[in-house]
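Engineer: Please find the sequence and the predicted model below.
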Amino acid sequence: MEPSPAQRAARDQIAAQLAQAGFALPGTLTVRAYACGKPGCRCHADPPRLHGPYAEWTRKIGGKTVTRRLTPAELAEYQPLFDNAKKLRALVTELQDLTLEIIETDSSRQHQSPEPEIRGPENVGEARLTCGQPASCTPSKQVSPKREDHTFSQLRGLL
């Protein structure tokens, strides 16, 4: 994989922009308006006048989605951090796209000039794994395929 001079320059430009990036907050910022649960409220009228708008910050913490409603002061303070996160995501995507371009260019070059076939190690067989038994031993027959979900009818057929 050998990038061209233009591709190296693009990579250097992306790296310089990444180096200048400031602090960033993970997650997503959304601004939403809601209808409440009170039947006689203005948000259920025709036309509805929803409550809000409210700024909400959603992110993953320990594998769980957590949403926090931000005050207007917090939104003003955190907005540059959300903007930086968006800029960082765009730069990483640009770097990934550049890498894909380099790999695809390299692959097309390899297809044009045939190279000798690369073989794997000599001690690895292609037919089957022997689980430590000599290759001359015939493997035992598998009773049923392994599945995550065994229902009673499948198990009854084995008994």
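Structural biologist: Good, I have the coordinates. Residues are numbered from 1 along each chain as shown.
Engineer: okay, CA-based contacts and neighbour counts for the rest of this
Structural biologist: Will do.
Engineer: My read is that residue 75 contacts residue 57, right?
Structural biologist: No: contact between residue 75 and residue 57 fails when scored by C-alpha atoms under 8 Å: they sit 9.3 Å apart.
Engineer: Excluding chain neighbours, what is closest to residue 17?
Structural biologist: residue 91 (7.8 Å; C-alpha to C-alpha, 6 or more residues apart in numbering).
Engineer: Could you name the specific helix or strand carrying the one you found?
Structural biologist: For residue 91, the host element (DSSP states H and E) is helix 72-112.
Engineer: That helix - contacts with which helices or strands?
Structural biologist: In terms of contacts (3 or more C-alpha pairs under 8 Å, 6 or more residues apart in numbering; DSSP states H and E), helix 72-112 is packed against helix 5-20.
Engineer: Now the longest strand belonging to the chain: average pLDDT?
Structural biologist: In the chain, with assignment by DSSP state E, the single longest strand is strand 51-61. Averaged over strand 51-61, pLDDT sits at 95.
Engineer: for the next helix or strand after that strand, packing partners?
Structural biologist: Downstream of strand 51-61, the first helix or strand assigned by DSSP H and E is strand 64-70. Secondary-structure packing of strand 64-70 (3+ C-alpha pairs under 8 Å, 6+ apart): strand 51-61.
Engineer: Using PDB, write out every CA atom in the strand it packs on.
Structural biologist: Taking Å, rounded to 0.1, in the frame of the first residue of the first chain, the C-alpha atoms of strand 51-61 are listed here in PDB:
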ATOM      1  CA  HIS A  51     -44.100  22.100  25.100                       C
ATOM      2  CA  GLY A  52     -40.600  23.200  24.600                       C
ATOM      3  CA  PRO A  53     -38.300  23.300  22.700                       C
ATOM      4  CA  TYR A  54     -36.000  21.400  24.900                       C
ATOM      5  CA  ALA A  55     -32.300  20.600  24.200                       C
ATOM      6  CA  GLU A  56     -31.400  17.000  25.000                       C
ATOM      7  CA  TRP A  57     -28.000  15.300  25.100                       C
ATOM      8  CA  THR A  58     -28.100  11.600  24.400                       C
ATOM      9  CA  ARG A  59     -25.100   9.300  24.800                       C
ATOM     10  CA  LYS A  60     -24.000   5.800  25.800                       C
ATOM     11  CA  ILE A  61     -22.700   5.200  29.300                       C
END
